[in-house]
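Asker: mind folding the following:
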Amino acid sequence: MSSSKKYWKSVEELKDSSVVEALKDKEFAEEIPVDEFLGDEDSLKSSKTSRRDFLKYVGFSTAAASLAACEGPVVKTIPYVVQPERLVPGVANYYASTIADGFDFASVLVKTREGRPIKIENNDLATIKAGGGARVNASVLGLYDKNRVKRPMIDGKNVSWEEFDKDFGKALNGVSGDIVLLTQTFASPSTTKLIKEFYSKYPNAKHVVYDAISEDAVLTAFQSRYGKRALPNYDFSEAEAIVSVGANILGDWQGGGYEASYAKSRVPKNGKMSRHVQFESNLTLSGAKADKRVPAKPSQQKAVLVALYNQIVGGNSTSNLPSKINDAVVKAASQLKKAGSKGVVVSGITDVNAQSLVLAINEALGSTIINVKDARLTRQGDQKTVERLVEDMNNGKVGAILIAGVNPAYSLPNSKEFISGLKNTGVSLSFTMREDETAKLCKYIAAAPHYLESWGDVQFTDSKFSLMQPTIRPLFDTRQFQDCLLKWSGNTISYHDYIKQTWQGVLSNKDWNQALHDGFFESNYPLETVVADDSNYTSVDLNSAAKNLLASSKKANGFELSLYTKVSLGNGEQANNPWLQELPDPITRTTWDNYLTVSKTDADKLGLENYIVSNGALNGSYVDIKLGQKVVKNVPVIIQPGQARGSVGLALGFGKKEGMQKEMQVGVNAFPLYENFDVNQNVSITKSEGVHEFASVQMQSTLAGRDDIIKETTLSVLGKGKEAWNKVPEVSYNHQEVPVTSDKADVWTAFDRSIGHHFNLSIDLNACTGCGACVIACHSENNVPVVGKDEVRKFRDMHWLRIDRYYSAGDTFKEEQEKLENLGAFETYDVIENPAYDNPEVAFQPVMCQHCNHAPCETVCPVAATSHGRQGQNQMIYNRCVGTRYCANNCPYKVRRFNWFNYAQNEEFDYNMNNDLGRMVLNPDVVVRSRGVMEKCSMCIQMTQKTILDAKRDGRPIKDGEFKTACSAACDTGAMVFGDVNDKDSKVSELEKDDRTYRMMESIGTKPNVMYQAKITNTTEA
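Answerer: Modelled structure (predicted):
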């Protein structure tokens, strides 16, 4: 396979569009209307203004604008009168803690400056990786949300905690019906123990656990087979064959966190790597990274799973699937049998029968990839108990309900029934950070703290635990759910002391202080866990499960909807976070929206379209989605290559209104379509009126059509030598071809880089999953502003790091050109619809400033605002920059960003930088840029200099791995490796010599300090 394939970012690039062609060639699709301020040719000829006077005027106005642009705000500081103990100004402190919001669970390190948490990083001591990389990194911003509930409230009025306790205690003691604690999954041994102690004070109390995105089918199947309500654990690092049926294992599937182990098996070692086959309807991150992706509707996925079960467990090879899908199933089954214990099957089908078959298949394989002994406990929601609760509330059986960490008035599929039941409940209380849809309906609102202000413990698996500790004093008058339960139970101890008592003598070889310092520990001590009502569950007969699953697959009609969660918003818990709202979706490259993904074929049948307007922005049609009597109106449409025909996709977590800043009230609420907690539904779709304006970056900074953007080959070709697939480009020297890396190819005298540090960043395209954690980490570390939907539509986003997503049709560029030659636009559609639309290949490529050693930007700056540093970084001197944008025009990688406005303290951009609370997240080591300057990736120079100074202070050499950038530190998969190439023993120096290594657009001779490892696909079938 050659790397000269045609890559395309958008389906619009496959159309005969003059706008798209203009975007490829120049910055603006429309000509700048110079006649409006300079006059037309005739008026200029008749003007009496001389050329000298004109240049005087232009020179004065340019100088004035430059001075205004360079004028930064003056902020006066007040020194400490008494400096806090153990706090050194300018030096960061780090604390180990844990995020556990009911959806995302992760052990983290919290970076604080002068007592302010400003950044979330990975806790390298943790032996389990949890999901939500981008959301976890962005969670620090939620601490400084100006929309937080700041104190307890009764009937919408602020009160003191003393008054709150007195009034609520009196109401609770007068309750005649059940007292229900409706909570998120805490996965907290101490909280479970505490709730049981609460029962002793209130014997009529019950605990109901509710997950907004339910894993009930998996939990029930696991309990039926192994006697414990938990999730199976997976370690893909040693996998040889991975077959996924509707499971986005690189997303939020079963709590997420599997990308790190997955990436280990996907990076070629000694000529071997795993083979991944993906059956799915929506194009997901997992489908994008798979070696073979098979589009299949949800109903077909059920038949696929039954066919796999029959071939591996039952020995039957017949199925009624379409021939292409059936052929893929047969080959996948052969692959699994060949891999044996190194093979694994996973599924995202929300059906107990399906999940029971998955467990049986893996047992038959003897799979060591799945771990049922150290099962995951981060999902504990009980679907049947939640449904029964809603019935009891409406029947008057519930006297009081205490809601913690969940928003059922927004996220329950039958939210209307819940709301009517809530109104029928005498006492209602919500522990919440925001006055959301549920809190608005409750009499009592208990202001809850952020996790960075809280104590806690989390049990990830049977043996792996993590501790949560506050990293700042509470910003507002808040109190934890657990502290309230202790107080209302008559216990005077604090929750901090209660946790210490719970873990006394149970911390293996660690004491409390050591465990708190590390934040993560392992223990085999049996602790309290949530126990489900066993009467709800019976053992599953596998033969009956297969028959029932096959029967349900034949009941599909209309369009088959697959609900999913985005890497940005997840279940919507952090929907008020502007960093996450502006994070482009890795597949569609669209921000600030959810939308219905539709195949090109189905879009044509329904008359739906996407099109690029004159300024390059993307517009699209609206549809109404109907499920039974429920209708979700005006859902925007994205025509998605790879979407299985007859299926559509829609993201959950959007459409929140209450407790939300106006700018973040975007998208539509898809939870009403989440009927019976099933992500797959049969719906009808009709086109509605209007045009939706998307904030999409898919056509911005496109490098499509340039040589050597992405290099890829197959595992079988990899062993044939670098020259066969990764040849160094050549240029002419004295009529002879020489490698572009040769000194003869240089017109510049090379700098001497042999002394001191020389930083390089390596990015492995096999390990990169496009998750976006690096983008958010860069935002957090470097004070990158949020610009909002309108500015993103104008291609003015400020991301220093973007993750380009390219489609390709599997042909070489030359072959595709010949195939499409002399075809009109509509004929082109027909030719390329399969596979370009139906099932394209996908590649992700993080792109930041390449820090070229021969940087084109440096030579064109008239004021030397951009220059080259001794250590290899291309540097920006912001107070020199006058905003000519010559550097951006001369950058072949399109990685520079221009500040069109002041984004800080500007009401037009009412995000975190516009209020005193939100600005507390800013990193004082990095300047906040003013209007009129260029900005870009600095390779986190503040981090590299601190590492050098720390080593100098300690009088020691710097160890390999100490040098990091924000993006490399955030990358769970190890795709990004940063270091000093002058250290010949460093990992980055080793990667530089790897056969897969190449530089992007190396032929132009810029000599970047960012290198990539080519993408390798395992096409070998059993």
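Asker: neighbouring contacts of the helix or strand harbouring residue 358?
Answerer: Using DSSP states H and E, residue 358 falls within helix 352-365. Contact with helix 352-365 is made by 217-218, 220-222, 224-225, 232, 245, 302, 305-306, 308-309, 312-313, 336-337, 339-341, 343-347, 349, 369-370, 372, 540, 542, 544-546, 548-549, 552, as judged by CB atoms under 8 Å, 6 or more residues apart in numbering. All C-beta spots, glycine's among them, are computed from the backbone N, C-alpha and C.
Asker: in ChimeraX, select just the buried ones from those residues.
Answerer: Buried residues among the contacts of helix 352-365 (16 or more other CB atoms under 10 Å), as a ChimeraX selection:
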select :217,218,220,221,222,224,225,232,245,302,305,306,308,309,312,313,336,339,343,344,345,346,347,349,369,370,372,540,542,545,546,548,549,552
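Asker: in strands only, show me the contacts of helix 352-365.
Answerer: Counted as lying in strands by DSSP state E, out of the contacts of helix 352-365, are 232, 245, 343, 344, 345, 346, 347, 370, 372.
Asker: which residue ranges of the stretch 651-800 of the chain form helices?
Answerer: Remark: helices assigned in the stretch 651-800 of the chain by DSSP state H, counting those that start in this stretch are 715-718, 773-782, 789-793.
Asker: most tightly surrounded among the ones you listed?
Answerer: When the helices of the stretch 651-800 of the chain are scored by mean count of other CB atoms under 10 Å, the highest mean neighbour count falls to helix 773-782 (a mean of 27).
Asker: for that one, the averaged confidence score.
Answerer: Mean pLDDT, computed over helix 773-782, is 93.
Asker: what of stretch 979-998?
Answerer: 90.
Asker: equivalent analysis for stretch 939-951, please.
Answerer: The average pLDDT for stretch 939-951 rounds to 92.
Asker: and that stretch, what's buried?
Answerer: In stretch 939-951, counting by 16+ other CB under 10 Å, buried: 939, 940, 941, 942, 943, 944, 947, 948.
Asker: ditto for stretch 374-388
Answerer: Of the residues in stretch 374-388, 374-383, 385-387 count as buried by neighbour count, 16+ other CB under 10 Å.
Asker: can I get those in a markdown table with pLDDT, secondary structure and distance to residue 136?
Answerer: Conversion of these to a markdown table gives the following (pLDDT from 0 to 100; DSSP: H, G, I helix; E, B strand; the rest coil; distance: CB to CB, whole Å):
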| residue | pLDDT | secondary structure | distance to residue 136 |
| --- | --- | --- | --- |
| 374 | 89 | strand | 22 |
| 375 | 92 | strand | 22 |
| 376 | 92 | strand | 17 |
| 377 | 92 | coil | 18 |
| 378 | 91 | coil | 13 |
| 379 | 92 | coil | 17 |
| 380 | 92 | coil | 20 |
| 381 | 91 | coil | 20 |
| 382 | 91 | coil | 26 |
| 383 | 91 | helix | 26 |
| 385 | 93 | helix | 29 |
| 386 | 93 | helix | 26 |
| 387 | 93 | helix | 31 |
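Asker: for those residues, which one is nearest residue 903?
Answerer: Closest approach to residue 903 among the buried residues of stretch 374-388 (CB to CB): residue 378, at 36.5 Å.
Asker: list the contacts of that closest one.
Answerer: By CB under 8 Å, 6+ apart, the contact list for residue 378 reads 100, 105, 130, 185, 187, 231, 255, 458, 460.
Asker: ditto for residue 102
Answerer: Counting by CB under 8 Å, 6+ apart, residue 102 makes contact with 184, 185, 186, 211, 212, 405, 406, 571, 573.
Asker: ranking those by neighbours, who comes first?
Answerer: Of the contacts of residue 102, residue 406 is surrounded by the most neighbours, 28 neighbours in total, counting by other CB atoms under 10 Å.
Asker: could you measure from it over to residue 495?
Answerer: 20 Å (CB to CB, to the nearest Å).
Asker: what about the residue positioned nearest the centre of the chain, distance to residue 236?
Answerer: For the chain, the residue sitting closest to the mean C-alpha position, by CA atoms, centre = their mean, is residue 567 at 3.1 Å. Counting by CB to CB, the gap from residue 567 to residue 236 is 18 Å.
Asker: could you do residue 293 as well?
Answerer: Separation of residue 293 from residue 236 (CB to CB): 17 Å.
Asker: same thing with residue 156?
Answerer: According to CB to CB, residue 156 and residue 236 sit 50 Å apart.
Asker: so for the two, which sits in the more crowded spot?
Answerer: Using other CB under 10 Å, the more surrounded residue of residue 156 and residue 236 is residue 236, with 22 against 10.
Asker: how about the helices in the stretch 101-250 of the chain?
Answerer: Applying DSSP H, counting those that start in this stretch to the stretch 101-250 of the chain gives helices spanning 133-138, 161-173, 189-201, 216-226.
Asker: need these in a markdown table with distance to residue 515 and mean pLDDT, can you?
Answerer: Converted to a markdown table, these look like this (distance: least, CB to CB, whole Å; pLDDT from 0 to 100):
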| stretch | distance to residue 515 | mean pLDDT |
| --- | --- | --- |
| helix 133-138 | 21 | 92 |
| helix 161-173 | 30 | 91 |
| helix 189-201 | 13 | 91 |
| helix 216-226 | 28 | 92 |
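Asker: my guess is residue 208 meets residue 184, correct?
Answerer: No. Contact criterion CB atoms under 8 Å: residue 208 and residue 184 do not qualify, at 10.8 Å.
Asker: identify the bridge partners of residue 631.
Answerer: Note on residue 631: beta-bridge partners by DSSP bridges are residue 626.
Asker: same check on the one 4 residues further on?
Answerer: Under the criterion DSSP bridges, residue 635 forms beta bridges with residue 623.
Asker: please renumber the chain so that the first residue is 55 from this point on.
Answerer: Sure, I'll start numbering at 55, so the last one becomes residue 689.
Asker: which secondary element of the chain has the worst mean pLDDT?
Answerer: Lowest on mean pLDDT, DSSP states H and E among the helices and strands of the chain sits helix 879-886, with a mean of 46.
Asker: after that one, which helix or strand is next? Please name it.
Answerer: As assigned by DSSP H and E, the chain's next helix or strand after helix 879-886 is strand 895-901.
Asker: perfect, that will be all.
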